[in-house]
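> Structure for the following, please:
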Amino acid sequence: MYGLLSAFFPTRIAPVAIVLLGFFLPSVVWGNGLSQRGETDPQAGDEQQQVSQPAQATPAGERVWGPFTVSTQIEAGFRWRDHAGGSREMYRSQVNLGRGPKLFSSSLNLASPPESGYPWDRLRFTFDNWGGEPYNVGRLSLTKNRVYEFDFNYQNIQYFNFIPTFSNPLLDQGVFLSQHSFDISRRLIHANLELWPNATVHPYLAYSRSRGEGPVRTTFDAEGDEFVLGANVRDSMDEYRGGIRFRTSRLNFTLEQGARIFKDDQSVSFLSGFGEGNSRLLVFGRPVVLTGLARNYHARGTTPVTRALLQATPVSSLSVDAQLTYTNADLDLDHDQTYAGSFVSFGLLRAFTGRLDGTLAKSQRPGILGDVGLDFELHPRFRLNNLFQVHRYHISGNARVNELFQNTTPLTGPPLPPQDLRVTEGFDQLLSLNLHRNQVMGILELHRDVTARGGYRYTFRETRLETEEHRDRIDSSQHAFLAGLAWRLSQRAELNLDLEVARTDDVFFRTALSDYERARFRVRVQPFREFWLSGHISEQENRDEKVGLDFASHQRGYGVNVTYQPSPRFAVALDYNAGDVGSDLIFRLPQTLTTDRSAYVEDSHYGNLYLDVGLIRGSRVTLGYGVLGTTGTFPLNYHQPLARFSIPLGGGISWTAGWQYYGYNEKGRALQDYRDHLFSMSLVLTY
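Numbers count the residues shown, from 1 in each chain. Below is the predicted model of the structure:
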C-alpha cells in the first residue's frame, strides 16, 4: 500500500494519504450499502431484508456490506516533542521518536462466507507507526478457505547510531565525533503463499527481500595511525523458497529448496579536516598524514539452501523431531583503493607518499546443520529426551592482491632517490568447523505435583585453519551436567529450579563460557484470583585459566513482579529487577608484549510501576514510571514516566492524550545526557 501511494505522492505525503484513505474507505463502503447488523434502510426492498436477516450473530462493532462483514479501527493524531536539553544524537540513537502527524495504528477486516464466490473470504490490512517513525509496519493477509493462504509483510527500519563517546580517541581534545556511526534505512518485505493448506500434501512459495542504504563513518588503519572516513553503503539480500508439506495424524514432513542472492556495495572517501589522524606521534621520525583517499568495495554471493523437516509419532510412547539443512554459499569480491599523503610500511621498512591497491577474492562455504530429537515414554512416570546436533562447514578462499607504493624511500641507511615499488601477493586458506553435541535428559514424576529432571550434555568442537605455510588445529570438548525440579504446590502456586555445571578442556574464544556454574530459581503464586506474584533468582559464574591469560566473569540477578486487578476498571503492576555483572580479563599489549588488565563492574536496579484506572463513562487514565540506575564502570540513571488519558466521544470514536518523558543521565558524562518530553493526541475510530 505504501509503495503504491509513494508512486503518486511525495514520500512525506504518503503516510498522510494512508490516514485519509483509512478515514475515507469506510465512508465510501458504507455509503454504498454498508449497514449495522440488524439495521435496514427504510427505502430498501425485500432483497436487502433477506441479506440482513441471517446476520444476527455478527459480533458487536462489525458491520455488513453485501456479503461482507466489515470491521476497522484507526488511531491517528499528532505528536509534539520538546527537547529540554542534552545530546540530540544520543536521543536519536536510543529513542528516535519524532514530531508531526502520525498514523499510530490501523486495521481493516473484511470477511465473506466461503460460498460467496469471491477470490478471498478473509482480508486483513494493518498499518502501524507511520508518519516519520523509526519503525513502520504494514501487513496484508488474504485467505480462501481450503484454497490458499497469503501473507505479505513490510517493515521500514531507520537505524541511527551516533554516540559521541563511542570509538572516539579524540574526545579529550574536545572532538565530539563518533568515528563509527550509522544512519541506515532498511526495508524488508516478506511474502508467503500456501496452496490447499488443509490438504494432506500441499505446496508453498515464499519470497523475502532486505535492502539497506545510507551514510556511515568508519576509519582507515594506516601503519602508526587511524583516520576518519565517510562512506555510503548499499546492500541487499533476496531469498526465494519453495517446498511441499506432507501431513497426516502421525507424520509431518517438509521438503524445501531455496536460494539467497546477496549484494554489498560501499564507496569510501576522505573527510577534510581529519588528515592528521588520531595520533600526533612521529613514526621513524616522520609524521603520518592522509591527504586523500578513494575506496570502492563490491561483493556478490549466492547461497542455495536445501532443508528437510520431520515430525513423527510412530508409536504413542515415541516422538521424533528432526531437521537437516544443507547450504553451499559462494562469494566474489573486488576491492580497489587509492590514497595519498605521508606513510610508512613496517613490512617493507620504507616510507611512501601514495598507494594503489587492487584485490580480487573468491570463497566457498558448503555446510550442514542438523539435529534429531527423540522423546521416549519408558514408564507412565518417566520420560527420556535425547537431542543430537551437528554443525559442519568449511570455508575455502583465495585472493590476489596487487599493490603499488609510490615514491618510496628507505627508513634506515643512506638516503636513496624515491622510486615506485610494486608488490603482488596470493593467498589460499581453508577454515573448517566440525561441531557435535548430544544432550540426554531424564524426567521423573516423583509425585503428581513434583517432577525432577537430570541430564548430561557433551559438546565436541574441532576448528582448523590451513594456509600454504601453516596448519593450526584446536579441539575442544565440554561436559555439562544438568538438573532441575518443578513443584506445583497448588493450582495457584508453582516453583522451578534449574542447575547446570560445565567443564571445558580448551576454548576457541577468550570470552567464551568455559568452566561455569549456572543456577536459576523461579516462583509463581496466585493467592487469589485478582492477585499475581512471581519472582526469580539467577546466578552464573565463569572462569577460564587454560590459555595462560586469566578471564573470569559473573552474572547475578533477581526480580519480582506483582499484579493486582480486582476489576476491569482497576489494575496495578509493579516490576523490580536487580543485576550484578562483572568481568576481569588479562590481555597482552602487542606493542610492548606486556600484560594489562581490563575489568568491568555493573550493579543495576530497574523498577517499573503501572496503574490503569477506569473513570466515569468509559474514560480511562494510565500512569507509569520506569527508572534504571547503575553503578560501577558505567554509572547512569534513566527515568521514563508516562501518563495517558482516554475519553469515549460516542459513535465509535474516542480521544486519547499522552505524555512521556525520557531523562537520560550518565553520571559524570553530561556530554551524552538528554531530556525530552513527548506529547501526543489522537482520535481512535472503531467501526
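> Can you list the strands that the helix or strand containing residue 649 pairs with?
Assigned by DSSP states H and E, residue 649 belongs to strand 636-650. As defined by DSSP bridges, the strand partners of strand 636-650 come to strand 620-632 (antiparallel), strand 653-666 (antiparallel).
> How about residues contacting it?
If you take C-beta atoms under 8 Å, 6 or more residues apart in numbering as the criterion, strand 636-650 is touched by 617-630, 654-667, 684. Backbone N, C-alpha and C define where each C-beta goes, glycine included.
> Would you mind listing where the protein has pLDDT under the threshold?
1-62, 546-549, 589-593 (pLDDT under 70).
> Can you classify the residue of the chain most remote from its centre by secondary structure?
No residue in the chain sits farther from the centre than residue 414, which is 58.0 Å out by C-alpha atoms, centre = their mean. Classification of residue 414 using DSSP: H, G, I helix; E, B strand; the rest coil returns coil.
> same question, residue 143
Going by three-state DSSP: residue 143 is strand.
> What's opposite the residue nearest to residue 143 when sequence neighbours are not counted in the beta bridge?
The shortest distance from residue 143 to any non-neighbouring residue, by C-beta to C-beta, 6 or more residues apart in numbering, is to residue 122 (4.2 Å). Per DSSP bridges, the residues bridged to residue 122 are residue 111, residue 143.
> who touches residue 122 in this structure?
Counting by C-beta under 8 Å, 6+ apart, residue 122 touches 109, 110, 111, 112, 141, 142, 143.
> The fifth one against residue 121, yeah?
Think residue 141. No - using C-beta atoms under 8 Å, residue 141 is not in contact with residue 121; the gap is 11.9 Å.
> between these two, which one's more packed in?
A direct count of neighbours by other C-beta atoms under 10 Å for residue 141 and residue 121 places residue 121 higher, at 21 against 17.
> how near is that one to residue 393?
Separation of residue 121 from residue 393 (C-beta to C-beta, to the nearest Å): 45 Å.
> cool, residue 231 as well?
Taken as C-beta to C-beta, the span from residue 231 to residue 393 is 30 Å.
> Contacts only, for residue 612.
Here residue 612 is in contact with 570, 571, 572, 620, 621, 622 (C-beta under 8 Å, 6+ apart).
> same thing with residue 334?
297, 298, 358, 359, 360, 361.
> For residue 617, give me phi and psi.
Phi and psi for residue 617, reported as degrees, to the nearest 10, are phi 50, psi 40.
> What is the burial count for it?
A total of 8 residues lie near residue 617 under the criterion other C-beta under 10 Å.
> Excluding residues flanking it in the chain, which one is nearest it?
In space, residue 617 is closest to residue 648, 6.8 Å off (C-beta to C-beta, 6+ apart).
> At the geometric centre of this protein, which residue sits there?
residue 157 (11.0 Å).
> That residue is in what secondary structure piece?
Per DSSP H and E: strand 148-161 holds residue 157.
> what's the answer for residue 339, then?
strand 318-345.
> Centre of the chain to that strand, how far?
Relative to its parent chain, strand 318-345 has a centroid offset of 20 Å by C-alpha atoms, centre = their mean, to the nearest Å.
> Could you do stretch 492-510 as well?
Worked out by C-alpha atoms, centre = their mean, stretch 492-510 lies 25 Å from the chain centre.
> same deal with stretch 655-673?
Distance, stretch centre to chain centre, for stretch 655-673: 24 Å (C-alpha atoms, centre = their mean).
> you'd agree residue 531 is up against residue 561?
No - applying C-beta under 8 Å, one finds residue 531 not in contact with residue 561, separated by 11.6 Å.
> Next, count neighbours for residue 348.
15.
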